[in-house]
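Participant: Fold the following.
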Amino acid sequence: MNLCVMINNKMPRLINQSLKELLTEWAVQYHCADFIQNDPVQFPHRYVLKQDIEISGLLTALMSFGNRKQILNKVGALHKMMGESPYKYVRSCQWKIDFPCSEKSSFYRMLSYADFYNYFGKLYDVYVSYDSLEDALHQYAGLPMERLCRFLDVSAKSPQKKLNMFLRWMIRRGPEVDFGLWKSFDSRELIIPLDTHVCRVAYQLGLTDSETFSLKNARRITAALAEVFPEDPCLGDFALFGYGVSHR
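Facilitator: Here you go, the predicted structure:
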């Protein structure tokens, strides 16, 4: 059964067996190593050291908006600046020279050099006091998203697609794409990264009754996916995103 048939039949907004089977089929199809080749997650996959993966992953995720080609080009440029080890780069404080705190001009779209000075400063503080970003987040309370938002001083009331994507990379134990580095958090605590493709397909399938980009909607879609993948709701991200990108 394909999506068009389900829509044309005006399938009720229920997670019935046919829909579960379809989502499972898509998850198998799109949750594969080939996904990495054209996705920003390819950058943290260059590294083995946990701290390198954390730094690369967070900064890559923060830049993952806009045109895919532009994202990959600019994230590639950032990694060239950081060299063979983002962790060594952070600890060296070379970022204070490369990203002056007073420079308000754009480094990537609306993110300025000063913004990256701030990101690197927060990461430097982490690795001076903690072994990893995972450890540092335990000073905050709440779900992983809420902890990360407090760390970055951003709102935990918006869908925070980029941050939830980073958390999926770090927490999900799905070796095809995600790292599963953060053992102290659980995949069931994750919220789906809500983007255009995920939102559109979820709405068409009846997983949600809204196409709004809100935290409430992200939680609603995640809860629906948990009926299909109870131990790993964000496996459904690959099903919705993969199908959405392939059938634009």
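
Participant: from here on, contacts and neighbour counts on C-alpha atoms
Facilitator: Fine.

Participant: care to break the protein down by domain?
Facilitator: The chain breaks down by automatic domain parsing into domains covering 1-30+191-248, 49-185.

Participant: now the last one, how far from the chain's geometric center?
Facilitator: Right, domain 49-185. Relative to its chain's centre, domain 49-185 lies at 11 Å (CA atoms, centre = their mean, to the nearest Å).

Participant: Not counting sequence-adjacent ones, nearest residue to the one residue sitting closest to the centre of the chain?
Facilitator: Per CA atoms, centre = their mean, the C-alpha nearest to the average position across the chain is that of Met165, at 0.9 Å. In this structure, Met165 finds its nearest non-sequential neighbour in Pro193, 5.3 Å apart by CA to CA, 6 or more residues apart in numbering.

Participant: wait, what's in contact with the one you found?
Facilitator: Taking CA atoms under 8 Å, 6 or more residues apart in numbering, we find Pro193 in contact with Pro159, Gln160, Lys161, Lys162, Leu163, Asn164, Met165, Ala218, Asp237.

Participant: what's the pLDDT at the fifth one?
Facilitator: By that I understand Leu163. Reading off the confidence values, Leu163 has pLDDT 98.

Participant: neighbours around it, how many?
Facilitator: Residues near Leu163, counting by other CA atoms under 10 Å, number 24.

Participant: Which other helices and strands does the helix or strand hosting it contact?
Facilitator: Element membership for Leu163, per DSSP states H and E: helix 161-171. Counting contacts by 3 or more CA pairs under 8 Å, 6 or more residues apart in numbering; DSSP states H and E, helix 161-171 packs against helix 50-62, helix 144-152.

Participant: Next SSE downstream of the helix or strand bottoming out on mean pLDDT in the chain?
Facilitator: In the chain, no helix or strand scores lower on mean pLDDT, DSSP states H and E than helix 3-8, which sits at a mean of 41. Note on helix 3-8: by DSSP H and E, the next helix or strand toward the C-terminus is helix 17-30.

Participant: ok, and for that following helix, which residues are buried?
Facilitator: By neighbour count on 16 or more other CA atoms under 10 Å, the buried set for helix 17-30 is Leu19, Leu23, Thr24, Trp26, Ala27, Tyr30.
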